[in-house]
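> sequence below, structure please.
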Amino acid sequence: MSTRIAFLKGHGTENDFVILPDPGNDLDLTPAAVAALCDRRAGIGGDGVLHVVRSAAHPDAVAMAAAAEWFMDYRNGDGSVAEMCGNGVRVFARYLQHAGHVAEGDLAIATRGGVKTVHIAKDGDVTVGMGRARLPGGDVTVSVGERSWPARNVNMGNPHAVAFVSDLAHAGSLLDPPPVAPAGAYPDGVNVEFVVDRGPRHVAMRVHERGSGETRSCGTGACAVAVAAARRDAADPAVTGTPATYTVDVPGGRLVITERPDGEIEMTGPAVIVAEGEIDAEWLESAAR
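Down below sits the predicted model:
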């Protein structure tokens, strides 16, 4: 291992990430190493790690190599592996542009949730094709303290429970996962969104991200919220034949989500690279143990 490891720091609506360029998949990224990198006091700090690997070099992505050159090997802040991260994909695309691997326009990125189509616009916003939502059946309830709310079960390649509330303060601290019932509804954990209305086709949310706690934004969560709101508002595009677009305010900014009649969902928002530096390899190796 070299004595210095390059990294960058970026964010999408303040959902922040440590970016590790590693085209050949040479880094030993143990859960402990990822958690150390994301530690906001003893490490660099972030909601997760964007491990940038060529698809052909990673066993989880080699089957997608023909469709997408680059694989987003995403890890949550606690070191666990995640299927997808919508804000992460936008920041990942911005990094590829920053590094000169891609230009403005369209590209494809491999994720554990499949190959995602991305468009980098001249105005700086990045649009990600997030695929289709799945709406598993069954009633789900989310609780905080003495309060409970019915929640919509939405899967965006990762699981979400979306609860509409009258006040975002009712979500509490969101440091720990809000209890969700029935207990077996999400065997691998769940992202929980609390949502209030701000106006026509305009909502605001807070989120507990599985493995990260409360974050300033969650891209797949914003998509899940827009889908749940469209069903609640009788605006299901598959039924109306008209795209449904929702503005979703998150603590870190604003995302625009559009669901088309064919079920495909697009998310548009900013993505920013804020810093570059080097990690001491000995520190990372020690943290990986």
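> what residue ranges in the protein score low on pLDDT?
1-2 (pLDDT under 70).
> against Lys122, how distant is the most centrally placed residue in it?
Most central residue of the chain, judged by C-alpha distance to the mean C-alpha position with C-alpha atoms, centre = their mean, is Cys85 at 2.4 Å. Using C-beta to C-beta, to the nearest Å, Cys85 is found at 25 Å from Lys122. C-beta: built from backbone N, CA, C; applies to glycine.
> returning to what we had before: wait, isn't the residue nearest to the centre of the chain in contact with Gly219?
Yes. Cys85 lies in contact with Gly219 (C-beta atoms under 8 Å); the separation is 6.5 Å.
> joint contacts of these two?
Counting by C-beta atoms under 8 Å, 6 or more residues apart in numbering, the contacts common to Cys85 and Gly219 are Asn15.
> check the offset of stretch 215-232 from the chain's centre.
Distance of stretch 215-232 from its chain centroid, counting by C-alpha atoms, centre = their mean, to the nearest Å, is 11 Å.
> typo on my end, stretch 171-190
Distance, centroid of stretch 171-190 to centroid of chain: 17 Å (C-alpha atoms, centre = their mean).
> can you give me the helices in the stretch 51-200 of the chain?
Taking DSSP state H, counting those that start in this stretch as the test, the helices found in the stretch 51-200 of the chain are 86-98.
> how about the strands in it?
70-76, 105-111, 114-120, 126-132, 140-144, 147-155, 159-164, 180-181, 191-199 (DSSP state E, counting those that start in this stretch).
> list the neighbouring strands of the last one plus their orientation.
Strand 191-199 pairs in its sheet with strand 159-164 (parallel), strand 202-209 (antiparallel), by DSSP bridges.
> can you put these in JSON lines and add distance to Ala271 and mean neighbour count?
Converted to JSON lines, these look like this (distance: least, C-beta to C-beta, whole Å; neighbours: other C-beta atoms under 10 Å):
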{"stretch": "strand 159-164", "distance to Ala271": "21", "mean neighbour count": "25"}
{"stretch": "strand 202-209", "distance to Ala271": "18", "mean neighbour count": "23"}
